[in-house]
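Q: below is the structure, and that's it, no one-letter string:
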């Protein structure tokens, strides 16, 4: 499958959209209809969003790739698995032809979750070990008969300019991340400040693609953080579905030379998603 970094290089100044996609709770295949109709450059299958029990991201991604011929990404949370199981899963992903993935930690568990947090890997150490797998070495430094070929994504928060966040981003790049996925933001100024501080500290630019998180919210969607709450305050009755506001935010990024996005469709009660609205936003941007 075409790597995200390869498509990013081919597109140059044209917009690229990775779209967040929730795996289903049940084993029916209704999700394939949503995936087939989603006009994304890549469909990124989330890993147990909101700590809910869903079908494993890798399996859903494989089904979407096989049944709809769409380009996919799957996610892995270091919170939940030890090193042995993680590397076994990665070998399985390679067997299925899935080479684009995103590594992140995942929200911490609390007493209500009835689960034990593993954290055998940090995202940075997992990225480092996936890079080793790409170089024919497993976690025990034993030679792998066939090397893997993963394109590794890492989550970062470019709205924070703390020294810790800047250093963590550098560590993930040095560990072997091929591209970055930023936390949602509605202002390109946040990233520009982040990048400016990164350059000042390390005397060089971030040299891998960054896909900027764009969160779609509207009058009916869940508001689970400060960004979504602040965005909702700006919506008018005319823009109750949130399309105009989202397009406006993306156009602001485009004016600042930023054209790679991680689009998060609205999330409703019971985890339902509105991929049609995401399609409308993508169409408006690409047809302008």
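A: Thanks, I have the structure now. This one's a predicted model, so the numbers in the text were calculated from it and none came from an experiment. Numbers count the residues shown, from 1 in each chain.
Q: tell me the helix or strand right after the helix or strand bottoming out on mean pLDDT in the chain.
A: One helix or strand of the chain scores below all others by mean pLDDT, DSSP states H and E: helix 226-232, with a mean of 54. Sequence-wise, the next helix or strand downstream of helix 226-232 (DSSP states H and E) is helix 243-255.
Q: show me what that next one is packed against.
A: helix 188-202, strand 210-215, helix 275-287 (3 or more Cβ pairs under 8 Å, 6 or more residues apart in numbering; DSSP states H and E). Yep, even glycine has a C-beta here, placed from its N, CA and C like the rest.
Q: which element, helix or strand, includes residue 261?
A: Assessed by DSSP H and E, residue 261 sits inside strand 260-264.
Q: could I get the buried residue list for the helix or strand harbouring residue 66?
A: Using DSSP H and E, residue 66 sits within helix 57-68. Across helix 57-68, burial judged by 16 or more other Cβ atoms under 10 Å covers 57, 58, 59, 60, 61, 62, 63, 64, 65, 68.
Q: then stretch 139-159?
A: 139, 144, 148, 150-159.
Q: same thing with stretch 189-202?
A: Buried-residue list, stretch 189-202, by 16+ other Cβ under 10 Å: 190, 191, 194, 195, 198.
Q: tell me the pLDDT at the closest residue to the last one other than its chain neighbours?
A: In other words, residue 198. Residue nearest to residue 198 in three dimensions, not counting chain neighbours: residue 166, with 5.5 Å by Cβ to Cβ, 6 or more residues apart in numbering. Residue 166 is assigned 96 on the pLDDT scale.
Q: heads up, I number from 25, so please use that
A: Taking 25 as the first residue, the last one we looked at is residue 190.
Q: now residue 190: phi and psi?
A: phi -60, psi -50 (degrees, to the nearest 10).
Q: about what we covered before: as TSV, the buried residues of helix 81-92 with distance to residue 136 would be great.
A: Compiled in TSV, those are given as follows (distance: Cβ to Cβ, whole Å):
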residue	distance to residue 136
81	23
82	27
83	26
84	26
85	29
86	31
87	31
88	31
89	35
92	36
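Q: on that earlier part again, out of the helices and strands packed on helix 267-279, the one nearest residue 46 is which?
A: helix 299-311 (9.6 Å; Cβ to Cβ).
Q: list the buried ones in that closest one?
A: In helix 299-311, the ones that count as buried by 16+ other Cβ under 10 Å are 299, 301, 302, 303, 304, 305, 306, 309.
Q: wait, the residue nearest to residue 222 sits on residue 218?
A: Yes - judged on Cβ atoms under 8 Å, residue 190 makes contact with residue 218 at a distance of 7.4 Å.
Q: right, and residue 86 touches residue 118 too?
A: No - counting by Cβ under 8 Å, residue 86 sits too far from residue 118 to count as a contact (11.4 Å).
Q: can you pull out the low-pLDDT segments for this protein?
A: For the chain, residues meeting the criterion pLDDT under 70 lie at 247-264.
Q: return the distance of stretch 115-133 from the chain's centre.
A: 11 Å (Cα atoms, centre = their mean, to the nearest Å).
Q: next: stretch 210-221.
A: 19 Å.
Q: which other residues reach it?
A: With contacts defined as Cβ atoms under 8 Å, 6 or more residues apart in numbering, stretch 210-221 is touched by 182-185, 189-190, 206, 209, 229-230, 234, 236, 238-239, 251, 254-255, 273, 276-277, 279-280, 282.
Q: contacting residues around the spatially most central residue of the chain?
A: Computing the C-alpha centroid of the chain and ranking residues by Cα atoms, centre = their mean puts residue 205 first, at 5.3 Å. Applying Cβ under 8 Å, 6+ apart to residue 205 gives the contacts 42, 126, 177, 178, 179, 180, 234, 235, 237, 286.
Q: the nearest residue to residue 132 once chain neighbours are set aside - how many residues pack around it?
A: With sequence-adjacent residues excluded and distances taken as Cβ to Cβ, 6+ apart, residue 132 is closest to residue 141, at 6.5 Å. Neighbour count for residue 141, taken as other Cβ atoms under 10 Å: 14.
Q: A strand includes residue 141, no?
A: No - under DSSP: H, G, I helix; E, B strand; the rest coil, residue 141 sits outside any strand and is assigned coil.
Q: so it sits right up against residue 135, yeah?
A: No - counting by Cβ under 8 Å, residue 141 stays clear of residue 135, with 11.7 Å between them.
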